[in-house]
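Asker: Here's my sequence, what's the structure:
(2 chains)
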Amino acid sequence: MAKPTQDCHDRGVRHLARRLRDSGFGVIFINFLLAEEVVSVAVQEDVDVIGISSSSGGHMPVFEELLEGLGKEELHDVLVIGGGVIPPHHVRTLKEWGIGEVFGPGASANAVADYIRTWRTNKSNVTV
Amino acid sequence: MEVSSYDETLAIPTEDAATLALRVQQVIQEETNVCAVSDPLAGSYYVEALTDQIAAAALELVEQIEAQGGYIVAQQSGWIRAEVEQSADRWREMVDSGERRIVGVNCYQVDEETEYPIFEVDPEVERTAIERIEKLRANRDAAKWEGAIADLEIAAKEFADLDVSELGEDRLLSACIDAARADATNGEIMGALKGALGWGPPHES
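Answerer: Predicted coordinates for the structure are as follows:
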């Protein structure tokens, strides 16, 4: 879970990190990083999923740089999801870019956990 | 008092949405006469009782913080962060269970949401901002800037090495101000701080 750029609206993402951890996920929470730094943490920690939280309006370049960085590292299997204050027409573009899902204000932590579990199940069905 | 714009959960508000929110405040201010007295709800048993409850709960928290040795110690131990997170969790649990009703979130939801016009930052804004920074970097006193950034790096290193009991004795803030006066950008100041302090506050576990 990452909250890149200088964006301190972290109540939602910290709650989500906690709930995911409590339901059995290994969670790393980092904030105030550049997209390229998020990618290097993803490489070091060998993560399955990257969740980007944004409430400051600067999400599009962050996702763009993140996807570019993941491509360079050949991390094509990593699921990227988003959340926060992201308008509907940006959500449509992000999904075209390959972002799995975007969870807006009011979305429950259970919905995020369920989404990741379903993704994981579908993925292992395909690869096994 | 502030009335939020209806599109704040989607983006920075449009001018129309911000104006509507402002007009609501102005209707209350100008048409209800609520400003004629300093405390229009004074004497209401319900409001006064809630005010007393909040005051008592806040004082209890202050006492808990003092008992630990003060705010900085409570921050460093992670107690403040944990309290805030637990409070957010309790709130969210009440929303998830339906105990606390939020219109549109856990009651009166609609299947098809209406799409509203969204405020978009003009790409021209980014171009002019970049141009302004490039101009600043080209024209600023390079030696003065270099000296101020080098000094900020030292101040940040000194700050990182301080014990929590010594916080407040540092010169980190004044070094940041000096760097800003030497035309260092926000990004350059953040870069110097991150170099010495890493990704998070050093005095918090």
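
Asker: Next secondary structure after the host helix or strand of residue B:49?
Answerer: Taking DSSP states H and E as the criterion, residue B:49 maps to helix B:45-68. With elements assigned by DSSP H and E, the helix or strand that comes after helix B:45-68 is helix B:71-76.

Asker: helices or strands up against that following helix?
Answerer: Applying 3 or more C-beta pairs under 8 Å, 6 or more residues apart in numbering or on different chains; DSSP states H and E, one finds that helix B:71-76 makes contact with helix B:45-68, helix B:79-97. Any C-beta I mention is one placed from the backbone N, CA and C, and that applies to glycine too.

Asker: List the buried residues of it.
Answerer: B:72-76 (16 or more other C-beta atoms under 10 Å in any protein chain shown).

Asker: and what of stretch B:179-198?
Answerer: B:179, B:182-185, B:188-189, B:192-194, B:196-197.

Asker: ok, the residue nearest in space to the middle of chain B - contacts?
Answerer: Most central in chain B under C-alpha atoms, centre = their mean is residue B:84, positioned 13.8 Å from the mean C-alpha point. Neighbouring residues of residue B:84 by C-beta atoms under 8 Å, 6 or more residues apart in numbering or on different chains: residue A:11.

Asker: how close does it get to residue A:72?
Answerer: 37 Å (C-beta to C-beta, to the nearest Å).

Asker: Any chance of a markdown table for the helices and strands packed on helix B:71-76, columns mean pLDDT and distance to residue B:21?
Answerer: Below are the helices and strands packed on helix B:71-76 laid out as a markdown table (pLDDT from 0 to 100; distance: least, C-beta to C-beta, whole Å):
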| stretch | mean pLDDT | distance to residue B:21 |
| --- | --- | --- |
| helix B:45-68 | 97 | 24 |
| helix B:79-97 | 92 | 23 |
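
Asker: Distance to residue B:113 added to those, as JSON lines?
Answerer: Formatted as JSON lines, those follow (distance: least, C-beta to C-beta, whole Å):
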{"stretch": "helix B:45-68", "distance to residue B:113": "34"}
{"stretch": "helix B:79-97", "distance to residue B:113": "19"}
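
Asker: Tell me which of those helices sits most buried.
Answerer: Of the helices and strands packed on helix B:71-76, the one with the most neighbours on average (mean count of other C-beta atoms under 10 Å in any protein chain shown) is helix B:79-97, at a mean of 14.

Asker: now that one, how far from the chain's geometric center?
Answerer: Per C-alpha atoms, centre = their mean, to the nearest Å, the displacement of helix B:79-97 from the mean C-alpha position of its chain is 18 Å.

Asker: Next, the angle from that helix to helix B:45-68.
Answerer: 140 degrees (axes from the mean of the first three to the mean of the last three C-alpha atoms, to 10 degrees).

Asker: quick one on the thing from earlier: name the nearest of the buried residues of helix B:71-76 relative to chain A.
Answerer: Using C-beta to the nearest C-beta, residue B:75 comes nearest to chain A of these, at 15.1 Å.

Asker: Quick check: residue A:112 touching residue A:82?
Answerer: No - in terms of C-beta atoms under 8 Å, residue A:112 does not count as a neighbour of residue A:82; the distance is 10.7 Å.
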